[in-house]
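[1] Build me a model:
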Amino acid sequence: MCRFSFLSSLMLTAVLATAQIAVAAEPVRVHAAGSLRAVLTELSVSYRAKTGTDVQLVFGASGLLKDRIEKGEATDVFASANTEHPEALAKAGLAAAVRVFTRNELCALAAPKVPASGDSLLKLMLDPAIKLGTSTPKADPSGDYAFQVFDKVEALQGKPTADTLRAKALQLTGGPNSPPPPPNRNVYAELVTGGQADIFLTYCTNAVIALKEQPTLKKVALPANLSVGADYGMTVMKKSGESAAAFAAFLLSPEAQAVFAKHGFGAIVAGR
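    As a prediction, this is how the structure comes out:
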């Protein structure tokens with residue numbers, strides 16, 4: 001009887017160990033803003049080494065990803081380039097409360113021929129001869145942030161220039177009908193180098209990557225009176241398990257935040 005109990009105990013231990021391995025091996029599905037590709041790819045590798053859990057990454061424009069999730073596309077964690085899109089999922093009862101997990105800022109990526117600087121940027125954006133590129137508002141938060149810059153231009157100048165800039169802006173990326181980004185290439189570097197835009201308003205982190213591929217391009221910080229920051233919001237889907245919550249917590253950890261900083265992202269504020 002004792003021998004039977006001992007064997008039963010061993011079998012139960014083996015079953016529990018197998019179950020734990022299965023839970024650890026269950027992948028976490030993450031839908032994330034395209035601007036997070038480099039940093040989340042690196043973090044997913046370190047998370048796999050740390051926990052044994054695979055992270056399946058799907059990247060795209062945050063607004064389009066939100067629409068796909070609302071229509072039933074399966075995911076566990078949604079990491080958006082704004083807070084509005086994950087909050088829409090939370091309000092619909094599909095996801096948990098939203099946390100800001102990192103920050104970014106808008107910069108200008110300029111062609112070599114364009115004499116762009118912080119002092120000249122406003123004049124160049126208003127110049128009819130300059131092709132001004134942005135992402136697509138509503139579908140891609142980067143486009144929304146660019147349009148916020150236009151509102152700041154109007155407030156600064158005291159005359160109606162925002163609509164002029166909106167009409168002038170070439171919405172070249174992030175939309176439902178935008179061409180897919182080239183594989184393993186920075187789309188903004190390709191667009192500016194290819195002459196489709198002379199100046200492209202994009203995230204500073206994207207501009208840094210673009211310069212690594214095309215060093216002749218210029219990254220120009222927006223003047224303080226035109227600067228626009230971006231809070232990145234994250235939510236865990238309500239139907240997801242503990243592995244999803246664990247990965248979300250990892251992104252808020254000092255270890256992960258150091259990797260975000262290495263890639264040029266801003267720190268989060270404690271308690272948010």
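[2] Report the mean confidence score over stretch 229-239.
    Taken as a whole, stretch 229-239 carries a mean pLDDT of 97.
[3] Can you list the buried residues in it?
    230, 231, 232, 233, 234, 235, 236, 237 (16 or more other C-beta atoms under 10 Å). (C-beta placed from N, C-alpha, C; glycine too.)
[4] Equivalent analysis for stretch 206-215, please.
    Under the neighbour-count criterion of 16+ other C-beta under 10 Å, stretch 206-215 has 206, 207, 208, 209, 210, 211, 214 buried.
[5] same check, this time on stretch 158-172
    The neighbour-count check on stretch 158-172 (16+ other C-beta under 10 Å) flags 161, 162, 165, 168, 169, 171, 172 as buried.
[6] Turn the residues you listed into CSV, columns for distance to residue 223 and secondary structure.
    Formatted as CSV, the buried residues of stretch 158-172 follow (distance: C-beta to C-beta, whole Å; DSSP: H, G, I helix; E, B strand; the rest coil):
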residue, distance to residue 223, secondary structure
161, 15, coil
162, 17, helix
165, 15, helix
168, 19, helix
169, 18, coil
171, 23, strand
172, 23, strand
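[7] got TSV for those residues, with pLDDT and distance to residue 178 too?
    Converted to TSV, these look like this (pLDDT from 0 to 100; distance: C-beta to C-beta, whole Å):
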residue	pLDDT	distance to residue 178
161	94	26
162	96	23
165	97	20
168	96	18
169	97	14
171	98	8
172	97	7
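[8] In TSV, list these along with distance to residue 245.
    Shown next, in TSV, are the buried residues of stretch 158-172 (distance: C-beta to C-beta, whole Å):
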residue	distance to residue 245
161	46
162	41
165	42
168	44
169	39
171	36
172	37
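[9] residue nearest the centroid of the chain?
    Residue closest to the average C-alpha location in the chain (C-alpha atoms, centre = their mean): residue 33, at 3.2 Å.
[10] so who does that residue touch?
    Each residue near residue 33 by C-beta atoms under 8 Å, 6 or more residues apart in numbering is listed here: 59, 60, 61, 62, 65, 79, 80, 81, 141, 232.
[11] Now flag whichever of those residues is closest to residue 197.
    Taking C-beta to C-beta as the measure, residue 197 lies nearest residue 61 of the contacts of residue 33, at 17.2 Å.
[12] Tell me how many other residues surround the closest residue to residue 175 other than its chain neighbours.
    Excluding the flanking residues, the one nearest residue 175 by C-beta to C-beta, 6 or more residues apart in numbering is residue 136, at 3.4 Å. The number of residues packed near residue 136 is 22, by other C-beta atoms under 10 Å.
[13] Contacts only, for residue 161.
    Shown in contact with residue 161 (C-beta under 8 Å, 6+ apart): 126, 150, 153, 154.
[14] From residue 81, how far out is the first one?
    The reference is to residue 126. Going from residue 126 to residue 81 by C-beta to C-beta, to the nearest Å gives 26 Å.
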